[in-house]
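1. sharing a model prediction with you, sequence too.
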Amino acid sequence: MARILIVDDQDSARSMLTEMLRLEGYDVDQASSGESACEKVESNGYDLVITDLRMGDVGGLEVLRRTREASPLTAVIVMTAFGTIEDAVEAMRFGAHDFVQKPFVEDELMTKVARAARTRLLGADAVTADFRERYNFGNIIGESAEIRDILGRIVRIAPTDATVLITGESGTGKELVARAIHANSLRAERPFVSINCAALTETLLESELFGHVRGAFTGAVQTRKGLFEEANGGTFFFDEIAETPPSLQAKLLRAIQEGEIRRLGDNKPINVDARIIAATNQELRSLIEQKRFREDLYYRLNVARFELPPLRERKEDIAPIVESFLQKYGRKMGRQAALGAGVMDYFLSYDFPGNIRELENLIEQGVALAQDGQIHLSDIAPTSNGNGGGLHPERQSLADLVQEVERNAIIRALRQVEGNKERAAEILGLSPTTLWRKMKRLQLEWP
């Protein structure tokens with residue numbers, strides 16, 4: 001049975017709840033203060049923490065925060081007295097699994113405890129092969145507590161129609177999470193439609209989203225459905241949502257809020273039913289303060305939020321990710337390769353500013369250049385001066401590293417397709433326009 005920690009500064013309430021849970025077969029520990037609870041969480045493994053919100057110097061929100069830091073997979077249920085429901089909602093926003101009001105109904109509490117315990121066990125199972133196969137998680141690789149927590153939350157959130165906001169640095173796998181949510185939703189048999197908001201001009205973006213009628217603008221020779229209509233019944237994924245022009249955000253908000261759109265040049269509304277998932281590598285709160293992103297749109301999107309950690313914060317995932325990419329590109333290129341001496345140590349010491357996307361590029365390059373089935377340090381990411389020997393992050397700025405990785409990835413893609421820029425853009429997951437812009441910025445010319 002699950003191990004549970006009860007946190008309450010009232011002896012009678014704590015003892016009663018402890019006895020109640022022990023009668024149900026749970027292994028129960030107690031803490032009479034928030035500070036004591038935090039110490040216990042950091043030194044013991046609990047499946048569930050049930051904490052009162054209002055306690056002495058260290059309250060329930062601090063217990064929740066430190067529990068999330070010390071043990072991300074531990075579920076937390078907060079208890080709150082009548083009249084402080086706002087505090088409980090705030091705790092849910094900070095990651096609490098559930099809340100219960102005092103005085104609580106025993107059956108209701110036991111149901112919540114059982115549900116939280118199952119969620120914890122689901123997280124523990126999240127790296128097994130049958131779990132990944134069952135939930136279509138084959139492309140989300142990792143064994144860290146952070147990844148287990150994300151997989152468990154996907155399973156819980158996917159069957160709902162909640163709008164999802166995915167944040168994280170570039171290359172952390174935001175679209176993979178969006179596709180996993182769709183694959184485990186009730187809309188899985190319907191379309192998954194995505195758009196990169198940074199890849200199109202404002203006019204083109206509006207036309208792509210909402211469609212247009214004949215004659216709406218120069219070149220509109222026929223009526224065309226927009227991507228919102230294409231996603232009807234399915235899921236619409238907005239990548240780089242922060243790049244949406246402010247003038248378009250009001251129309252986007254209405255489409256999400258009212259479930260209807262208007263094609264460009266048409267006054268007739270069209271009903272659409274699409275689940276919205278948005279992603280960004282920018283801090284939307286900061287953009288709101290700068291008047292570059294609508295606050296009401298932010299709250300409409302930020303219903304269920306996933307924050308994806310950078311690869312440098314979960315280095316225990318590097319080895320399984322590398323193995324997955326070695327198999328992928330070994331099959332693709334018809335040649336098997338393994339890491340040579342020192343390469344894995346180098347990966348573990350490197351911060352990967354480009355995250356998983358950068359690691360994938362390095363493995364692809366290594367498999368292509370490997371001799372005798374071995375990938376050596378000299379095979380991955382030569383320095384920009386052409387001397388080879390690895391990336392040398394200690395001698396380059398973060399901006400230089402990112403620019404170098406982009407340049408190498410574009411060169412590899414162009415070589416692979418003999419200079420065909422449209423096919424290279426497809427390989428890189430970019431629009432041709434975005435590829436052109438990147439090549440111009442990198443001063444990269446290609447016949």
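-> Nice, thanks for sending it over.
2. okay, CA-based contacts and neighbour counts for the rest of this
-> Noted.
3. any idea which helix or strand comes after the lowest-mean-pLDDT helix or strand in the chain?
-> Sorting the helices and strands of the chain by mean pLDDT, DSSP states H and E puts helix 129-134 at the bottom, at a mean of 66. Once helix 129-134 ends, the next helix or strand along the chain (criterion: DSSP states H and E) is helix 145-157.
4. give me the distance from that following helix to the chain's centre.
-> For helix 145-157, the separation from the chain centroid amounts to 10 Å (computed by CA atoms, centre = their mean, to the nearest Å).
5. which secondary structure elements does that helix contact?
-> Contacts defined by 3 or more CA pairs under 8 Å, 6 or more residues apart in numbering; DSSP states H and E place helix 145-157 against helix 106-124, helix 174-183.
6. looking at those, which is buried most?
-> Ranked by mean neighbour count, these are led by helix 174-183 with a mean of 22 (mean count of other CA atoms under 10 Å).
7. other SSEs contacting that helix?
-> helix 145-157, strand 164-167, strand 235-239, strand 275-280.
8. next, the buried residues of the first one.
-> Across helix 145-157, burial judged by 16 or more other CA atoms under 10 Å covers Ala145, Glu146, Ile147, Arg148, Asp149, Ile150, Leu151, Gly152, Arg153, Ile154, Val155, Ile157.
9. return the member of the residues you listed nearest to Lys40.
-> Ala145 (18.8 Å; CA to CA).
10. so who does the closest one touch?
-> Going by CA atoms under 8 Å, 6 or more residues apart in numbering, Ala145 touches Ser71, Pro72, Leu73.
11. quick check: mean pLDDT across stretch 34-54?
-> Mean per-residue pLDDT for stretch 34-54: 88.
12. can you lay out the contacts of Ala145 as CSV showing distance to Ser33?
-> CSV is the format used below for the contacts of Ala145 (distance: CA to CA, whole Å):
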residue, distance to Ser33
Ser71, 19
Pro72, 21
Leu73, 22
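13. which one (most neighbours) among those?
-> Using other CA atoms under 10 Å as the neighbour criterion, Leu73 leads the contacts of Ala145 with 26 neighbours.
14. in what helix or strand does that one lie?
-> Secondary-structure assignment from DSSP H and E places Leu73 in no helical or strand segment.
15. give me the low-pLDDT residue ranges for the chain?
-> Counting by pLDDT under 70, the chain has low-confidence residues at 82-89, 93, 119, 121-135, 381-402, 447.
16. where do the domain boundaries of it fall?
-> The record's domain split for the chain, according to automatic domain parsing, is 3-121, 145-309, 312-441.
17. what is the end-to-end distance of stretch 349-357?
-> Start to finish, the residues bounding stretch 349-357 are 17 Å apart (CA to CA, to the nearest Å).
18. over to stretch 163-172?
-> Its first and final residues considered, stretch 163-172 spans 20 Å by CA to CA.
19. ok, back up a step: let me have the domains of the chain in CSV, extended by distance to Asn139.
-> Output for the domains of the chain, formatted as CSV (distance: least, CA to CA, whole Å):
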stretch, distance to Asn139
domain 3-121, 21
domain 145-309, 7
domain 312-441, 9
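20. that older thread, can I get the helices and strands packed on helix 174-183 in TSV with distance to Phe137?
-> Conversion of these to TSV gives the following (distance: least, CA to CA, whole Å):
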stretch	distance to Phe137
helix 145-157	8
strand 164-167	17
strand 235-239	17
strand 275-280	17
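21. of these, which is nearest Leu301?
-> Ranking the helices and strands packed on helix 174-183 by distance to Leu301, with CA to CA as the measure, places strand 164-167 first at 5.8 Å.
22. now do that closest one: which elements does it pack against?
-> Using 3+ CA pairs under 8 Å, 6+ apart, the elements in contact with strand 164-167 are helix 174-183, strand 275-280, strand 304-307.
23. and of the ones you listed, who's closest to Glu208?
-> Nearest to Glu208, of those and by CA to CA, is strand 275-280 at 15.9 Å.
24. still on that earlier bit, of all the helices and strands packed on strand 164-167, which one is nearest Phe352?
-> helix 174-183 (16.3 Å).
25. contacts for the closest one, please.
-> Contacts of helix 174-183 (CA under 8 Å, 6+ apart): 135-137, 139-140, 154-155, 157-158, 166-168, 188, 192, 235, 237, 239, 277, 279, 308.
26. now render the helices and strands packed on strand 164-167 as JSON lines, adding distance to Gly60.
-> Output for these, formatted as JSON lines (distance: least, CA to CA, whole Å):
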{"stretch": "helix 174-183", "distance to Gly60": "30"}
{"stretch": "strand 275-280", "distance to Gly60": "30"}
{"stretch": "strand 304-307", "distance to Gly60": "21"}
